[in-house]
Each structure stands twice: as C-alpha cells, then as structure tokens.
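Trainee: no sequence on hand, only this structure:
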C-alpha cells in the first residue's frame, strides 16, 4: 500500500486432534514447504518464528486466543507476519502452494462458530507486532467485526482507517508472478 505502513497478518486454527496424531501428520509434512513458498511470495516482508523451532526469531511469547482448546499438547497452528498490501497476502493465501493447503484446511482444523481464522491490521513501518498484540486484534475482530483496528478480506481498510476495496486484478497479477 505504502512504504509508511505494513499489513500485519495473524492466522489461527484449532487442530482437530493432538499435534502428534496421525490425523494431523499431513499438515506437518507440507508445513515447511508452504512457509517457504509464503516467504518467497511478492509482498512478503517478514514473519515470526516459534520459540521451539529453528528459523526466524519469535516475536514475543506465543499466546493463543481465548477460544483455543488445548488438545493436551499445548500447540495450535498460528502465524504472524508482515506484508506490503492486502492484495499481496490475498494472492499468497488463495493461490500457489498455500492456496492448495488452505483448501485442505478442514482436514486438520476447526474454528468455533463466530470466529474467523485470521485478522489483518495496519502497522507503521518499523513496528513488529508480537503474539499478544496479534491475539488482541483477532479477539477484537471476533467481538466487534471488521473495522480499522482489525479486518478481513471481505471488508478491508486502508492504513488511514477508511474502507477499501480489494483489487482483484492486482491479486491475480501478484499470484501470477514468479517466486523469488
């Protein structure tokens, strides 16, 4: 959108079973390549890692939304990242390797009624949101619906708090670009 702002993206899912369950194994088989594909997508800026993994540093202590139900393993699929635009994350989400995994999501995850699996919000360039901020935005979205504080692709906002339109032509263009 503008170099003065970045789009923060938090995703969250509730596994159908424990993370070590055979029901979830295919998620973990494709997760590394999906994360790599996202990192190569046009408009990707950075992402938080996890304290327990090698790779990027964690952006604070990882916490989960209030509706999370621990399956006894203390784990839930979630991500926190920064992007250049709503169109960039839409292209990465719904196309390519992540798009294929996204379409399989019900094999691994369930969301309680009334909760979306993600929240988007604008941050000033140079601000790195932590997990607590991400969860607060996600819960705010569930409680209040789309607004400048947190929103979805269905009703995006620009960095100045105005309702915006998702540019479908730009999404398609970004989805068609070769990965870096």
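Mentor: Received, thanks. All of these numbers come straight from a predicted model, not from anything done at the bench. Residues are numbered from 1 along each chain as shown.
Trainee: so what touches stretch 74-83?
Mentor: 6-15, 19, 27, 38, 43-48, 59, 62, 64, 68, 89, 92, 108-109, 123, 128-131, 134 (C-beta atoms under 8 Å, 6 or more residues apart in numbering). For glycine as for every other residue, the C-beta is placed from the backbone atoms N, C-alpha and C.
Trainee: the chain: strands as residue ranges?
Mentor: For the chain, strands defined by DSSP state E occupy the ranges 5-12, 14-15, 44-47, 78-83, 109-110, 118-124.
Trainee: worst average pLDDT in those?
Mentor: Lowest mean pLDDT within the strands of the chain: strand 109-110, at a mean of 88.
Trainee: now do it: which elements does it pack against?
Mentor: The helices and strands touching strand 109-110, judged by 3 or more C-beta pairs under 8 Å, 6 or more residues apart in numbering; DSSP states H and E, are strand 14-15.
Trainee: can you list the strands that the strand it packs on pairs with?
Mentor: strand 109-110 (antiparallel) (DSSP bridges).
Trainee: so how far is the strand it pairs with off the chain centroid?
Mentor: Relative to the centre of its chain, strand 109-110 is centred 15 Å away, using C-alpha atoms, centre = their mean, to the nearest Å.
Trainee: same check on stretch 102-115?
Mentor: On C-alpha atoms, centre = their mean, the centre of stretch 102-115 falls 13 Å from that of its chain.
Trainee: quick revisit: can you flag the buried ones in the contacts of stretch 74-83?
Mentor: Among the contacts of stretch 74-83, those classed as buried by 16 or more other C-beta atoms under 10 Å are 6-15, 19, 27, 38, 43-44, 47-48, 59, 62, 64, 68, 89, 92, 108-109, 128-131, 134.
Trainee: for the closest residue to residue 129 other than its chain neighbours, what are its contacts?
Mentor: Sequence neighbours aside, residue 8 is the residue nearest to residue 129 in space, at 4.8 Å (criterion: C-beta to C-beta, 6 or more residues apart in numbering). Counting by C-beta under 8 Å, 6+ apart, residue 8 touches 80-82, 120-123, 129, 133-134, 137.
Trainee: which one among those residues gets closest to residue 178?
Mentor: Closest approach to residue 178 among the contacts of residue 8 (C-beta to C-beta): residue 81, at 20.4 Å.
Trainee: count the neighbours of the closest one for me.
Mentor: If you count neighbours by other C-beta atoms under 10 Å, residue 81 ends up with 24.
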